[in-house]
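Participant: Please work out how this folds:
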Amino acid sequence: MLVAVLSDIHANRQAFEAVLDATDAAGVDERWCLGDVVGYGGEPNACVALARERCDALLGGNHDLAAVGRLSIEEFSPRARVSAQWTASVLTPEAVAVLAPLDSLAERAGVGLYHGSPRHPVWEYVITAALADLCLDAAPQRVCIVGHSHVAGAFGRVEGHPSVAVPPTLGGLDVADGEWLLNPGSVGQPRDGDPRASWLTLDTTTGQATWQRTAYDVEGAQAAIRAAGLPASLADRLQYGQ
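Facilitator: Residues are numbered from 1 along each chain as shown. Below you'll find the predicted structure:
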């Protein structure tokens, strides 16, 4: 089975639609979304509707949970707090009904899905090999996929050795053996210096994981943020992949 793994859409409809079109072109069998459908961007209701219609697995990220009142925004940065408050004020009842019951972890085809990490599904950023070791120790699955950090990457380990960071090369990785923690990067707000939407395909039969980058209408996404009256910096950063 060929699956597309998406994360951190952040109410960026233009990026989400472009990636969904790319998944259609790739012929994927399923789409798994690791959460943060809303937050930062200017079109939360449209993105929730797309996630409901097009994703076979859907997790709740910290921004999703905050928007429906399930998570405090006290630990959010000032810009994240403003966007969370605005998002909560504009979500339709239909969108709330989609986001409110979501869990932040799941298992699909034997693969662990987590918004943050296997240890802390909502909040933990897995950005070092030492943290990846702890997460792989905690995970019941051999292969896990996490989001939240907005940075594409992977950590792998073989028995008896610590985890090592592995670059997310466009040629892909063979994850059929060993233990792996993969991050698809962010659809709607990548933070690795590449403004294109980032996502991942995983062949659950062969174990081939391949990172993908998809160009989208950045100016349209920026215009939606400005039209919503959100901080201008949230729009500006999109063109730099920051």
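Participant: what about the helices in the protein?
Facilitator: Assigned by DSSP state H, the chain shows helices spanning 13-26, 44-54, 62-67, 78-90, 93-99, 129-138, 218-227, 232-236.
Participant: Just the C-alphas of the longest one, formatted as CSV.
Facilitator: Output for helix 13-26, consisting of C-alpha atoms alone and laid out as CSV, is shown next (Å, rounded to 0.1, in the frame of the first residue of the first chain):
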residue,chain,number,x,y,z
ARG,A,13,-5.5,26.0,1.8
GLN,A,14,-3.3,26.7,-1.2
ALA,A,15,-0.5,24.4,0.0
PHE,A,16,-3.0,21.7,1.1
GLU,A,17,-4.8,21.7,-2.2
ALA,A,18,-1.5,21.5,-4.1
VAL,A,19,-0.3,18.5,-2.0
LEU,A,20,-3.6,16.7,-2.4
ASP,A,21,-3.4,17.1,-6.1
ALA,A,22,0.2,15.7,-5.9
THR,A,23,-1.0,12.7,-3.9
ASP,A,24,-3.6,12.1,-6.6
ALA,A,25,-0.9,12.2,-9.3
ALA,A,26,1.2,9.8,-7.2
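Participant: neighbouring contacts of it?
Facilitator: 2, 4, 6, 9, 31, 41, 43, 46-47, 50-51, 54, 187-188, 197, 199, 201, 212, 214-218, 220-221, 224 (Cβ atoms under 8 Å, 6 or more residues apart in numbering). The C-beta positions use only the backbone N, C-alpha and C, and glycine is treated the same way.
Participant: Need the residue closest to the centroid of the chain.
Facilitator: Nearest to the mean C-alpha position of the chain, by Cα atoms, centre = their mean, lies Ser7 at 1.5 Å.
Participant: Phi first, then psi, for the closest residue to it other than its chain neighbours.
Facilitator: Distance criterion Cβ to Cβ, 6 or more residues apart in numbering; nearest residue to Ser7, sequence neighbours excluded, is Gly147 at 3.0 Å. Backbone torsions for Gly147, taken as degrees, to the nearest 10, come to phi -120, psi -140.
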